[in-house]
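> When you get a sec, could you give me coordinates for this:
(one chain, ligands or ions: 1)
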Amino acid sequence: GSQHRLWPEIEKTVKQQVEMAKLGVGECGTGWQLFAEDGEMRMYRREEEVDGMVVDPLKAVHVVKGITGHEVCHYFFNPQYRYDWETTLEQMTVLETISEDSLLFLQTHKRIWPASQRDVVFWSHMRKLPDDQDQDGPDIWTVVNNSTEDSEHPANAGKCVRIYLTVCLMCQTRVDPPKDGAPISRDNVSCKITYCSVVNPGGWAPASVLRAVYKREYPKFLKRFTAYVKNQTKNKPLMF
Ligand SMILES: CCCCCc1ccc(-c2ccc(S(=O)(=O)CCO)cc2)cc1CCc1ccccn1
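Presented below is the predicted three-dimensional model:
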């Protein structure tokens with residue numbers, strides 16, 4: 001809850017990340033380059049390096065029919081579903097339950113040749129926010145994942161190189177009520193998903209390898225994850 005040592009950082013980071021996610025790829029100035037497209041999904045990146053390491057920010061926008069923002073965030077946030085959709089995940093541990101909407105994770109991802117295996121420690125927070133651009137529309141749902149230290153799991157103590165990331169999944173639900181006043185069904189809802197991520201790969205990895213990994217893995221991840229949510233929810237009542 002709000003007494004936890006991480007709470008001030010969570011509050012600040014969530015607000016900052018949602019504001020960034022709301023900026024379209026046009027508005028945040030030049031530099032965004034479209035690198036993947038699939039149906040309604042558009043994936044952009046900016047080529048940035050920090051100390052010679054690739055830390056390309058990524059922004060993906062996708063519109064998916066038949067699911068809501070609450071549902072997308074529910075399946076992204078809750079650990080019990082993660083092995084179903086996160087293909088590069090080798091090991092996931094919930095280190096701490098900070099509150100019912102905030103968890104501390106340790107994840108190790110499968111090694112990607114020729115780079116060494118990576119792990120990450122991050123807090124994850126799920127939140128509903130009023131949509132200030134559409135007062136009477138449905139709320140925005142978001143999940144923010146942000147790397148943090150954990151004294152029990154110091155960086156680079158074992159075989160894995162520790163990575164550092166900030167991820168924001170922001171979901172805006174759209175309802176187009178049926179003309180005949182019938183109850184809202186899945187045919188009347190769609191979700192605009194904005195996924196932003198900045199990953200520092202930790203130890204050195206060849207820029208060409210990193211960019212190839214991201215180019216392959218991110219589109220696969222977002223397609224697989226959204227298909228998973230559609231499949232999990234298709235016969236369940238709508239979650240707003
Ligand atoms: C040489 C490769 C070094 C980097 C490997 C890497 C880095 C970051 C991540 C990653 C990406 C998304 C998240 S999340 O959105 O928070 C969801 C929870 O799991 C957490 C971790 C993964 C991977 C492994 C490769 C890879 C790259 C993209 C997408 C998927 N896999």
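> Let me know whether residue 200 touches residue 55 as I believe.
Yes. With contact defined as Cβ atoms under 8 Å, residue 200 counts as touching residue 55 (5.0 Å). For every residue, glycine as well, the C-beta is placed using N, CA and C.
> Which positions in this structure make contact with the ligand?
86, 88, 107, 109, 112, 115, 118, 120, 145, 163, 165, 167, 197, 199, 201, 205, 209-210, 213-214, 217-218, 221 (Cβ under 6 Å from any ligand atom).
> Filter the residues you listed down to the ones in strands?
Applying DSSP state E to the residues of the chain next to the ligand, the entries found in strands are 107, 109, 118, 120, 145, 165, 167, 197, 199.
> And the strands in the protein?
For the chain, applying DSSP E gives strands covering 33-38, 41-45, 49-50, 53-54, 58-65, 89-99, 102-109, 118-129, 140-147, 161-162, 164-175, 189-200.
> can you list the ones you listed in a markdown table and add distance to residue 235, mean pLDDT and mean neighbour count?
Shown next, in a markdown table, are the strands of the chain (distance: least, Cβ to Cβ, whole Å; pLDDT from 0 to 100; neighbours: other Cβ atoms under 10 Å):
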| stretch | distance to residue 235 | mean pLDDT | mean neighbour count |
| --- | --- | --- | --- |
| strand 33-38 | 25 | 95 | 14 |
| strand 41-45 | 24 | 97 | 19 |
| strand 49-50 | 46 | 89 | 10 |
| strand 53-54 | 42 | 91 | 18 |
| strand 58-65 | 16 | 98 | 19 |
| strand 89-99 | 26 | 97 | 14 |
| strand 102-109 | 27 | 98 | 20 |
| strand 118-129 | 23 | 98 | 20 |
| strand 140-147 | 21 | 98 | 23 |
| strand 161-162 | 41 | 97 | 19 |
| strand 164-175 | 19 | 97 | 21 |
| strand 189-200 | 15 | 98 | 21 |
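> Those strands into JSON lines, with extra columns for distance to residue 182?
Converted to JSON lines, the strands of the chain look like this (distance: least, Cβ to Cβ, whole Å):
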{"stretch": "strand 33-38", "distance to residue 182": "32"}
{"stretch": "strand 41-45", "distance to residue 182": "30"}
{"stretch": "strand 49-50", "distance to residue 182": "53"}
{"stretch": "strand 53-54", "distance to residue 182": "50"}
{"stretch": "strand 58-65", "distance to residue 182": "17"}
{"stretch": "strand 89-99", "distance to residue 182": "38"}
{"stretch": "strand 102-109", "distance to residue 182": "38"}
{"stretch": "strand 118-129", "distance to residue 182": "26"}
{"stretch": "strand 140-147", "distance to residue 182": "25"}
{"stretch": "strand 161-162", "distance to residue 182": "52"}
{"stretch": "strand 164-175", "distance to residue 182": "13"}
{"stretch": "strand 189-200", "distance to residue 182": "13"}
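> Nearest the geometric middle of the chain, what residue?
The C-alpha lying nearest the average C-alpha coordinate of the chain belongs to residue 169 (Cα atoms, centre = their mean; 4.0 Å).
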